[in-house]
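> Predicted coordinates and the sequence they were generated for:
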Amino acid sequence: KNQVEQSPQSLIILEGKNCTLQCNYTVSPFSNLRWYKQDTGRGPVSLTIMTFSENTKSNGRYTATLDADTKQSSLHITASQLSDSASYICVVSVNSGGYQKVTFGTGTKLQVIP
Amino acid sequence: EAGVTQSPTHLIKTRGQQATLRCSPISGHTSVYWYQQALGLGLQFLLWYDEGEERNRGNFPPRFSGRQFPNYSSELNVNALELEDSALYLCASNSILSGIRDTGELFFGEGSRLTVL
């Protein structure tokens, strides 16, 4: 069964600190992995996308890494801000018959406190 | 360019009633996806429509149904509402015909909050 597991389930950090969120997946055949940010009560918004050949990709203070061999990804947030408080969702895509089938992780809820 | 729009933003129903939620995809997008997100839980895949046809369905009972119109907008119908149907219902769109076909990025709307009393 294709699965995407994220850890930790929730995290509280002080403003200005760094943090790393983890994503392990068993989805196969892998097409790409994307991290979404979802503010409470809002729709998710894509932060980064990584394909099989990419190891690292940055988007401002967000840096995603991918190890396709171990099927692990991480999202590192540098110098956290209060606005980073949100759920971060790892989504893995499978290319199937010309369509992208996606599997969502359950997310990590991050709370940044002053 | 307008993003994915959903309506209504909030909907309150009583148990046993029917709810209809609507979604307009980004212009040019042919695929519409529906997800349910109960409070504190992850996104659960409901339905996927592309070019007017249902392409895939999640593990939900038949009282969850929908359709996609010729203009690619979509509606989700939930019949015989139950208390546990209370959730945020998210619609997302993408296109297999554009350059983002290879990335599969989903563009989400802001959701419709359904409360069943």
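Yep, that arrived.
> Sketch out the low-pLDDT regions of chain A for me.
A:1-2, A:96-100 (pLDDT under 70).
> Contact residues of it facing chain B?
By Cβ under 8 Å from any Cβ of the partner chain, the residues of chain A that approach chain B are A:31-32, A:34, A:41-46, A:49, A:89, A:91, A:93, A:95, A:98-102, A:104-107. Glycine gets a C-beta too; all of them are placed from N, C-alpha and C.
> Pull up the gap between the closest residue to residue B:17 other than its chain neighbours and residue A:52, please.
In space, and not counting its chain neighbours, residue B:17 is closest to residue B:81: 5.2 Å by Cβ to Cβ, 6 or more residues apart in numbering or on different chains. According to Cβ to Cβ, to the nearest Å, residue B:81 stands 43 Å off from residue A:52.
> In this structure the residue nearest to residue B:17 contacts residue B:12, no?
No. Counting by Cβ atoms under 8 Å, residue B:81 does not reach residue B:12; the two are 10.6 Å apart.
> Give me the common contacts of these two.
residue B:116 (Cβ atoms under 8 Å, 6 or more residues apart in numbering or on different chains).
> So for those two, which sits in the more crowded spot?
residue B:81 (20 against 13; other Cβ atoms under 10 Å in any protein chain shown).
> Is the more buried one in a helix, a strand, or coil?
The three-state label given to residue B:81 by DSSP: H, G, I helix; E, B strand; the rest coil is coil.
> Quick check: the residue minimising distance to the centre of chain B vs residue B:12, distance?
Geometric centre of chain B, nearest residue: residue B:34, 2.8 Å, by Cα atoms, centre = their mean. Here the criterion is Cβ to Cβ. By it, residue B:34 lies 20 Å from residue B:12.
> what does residue A:74 give?
From residue A:74 to residue B:12 the distance is 40 Å (Cβ to Cβ).
> How about residue A:77?
Counting by Cβ to Cβ, the gap from residue A:77 to residue B:12 is 36 Å.
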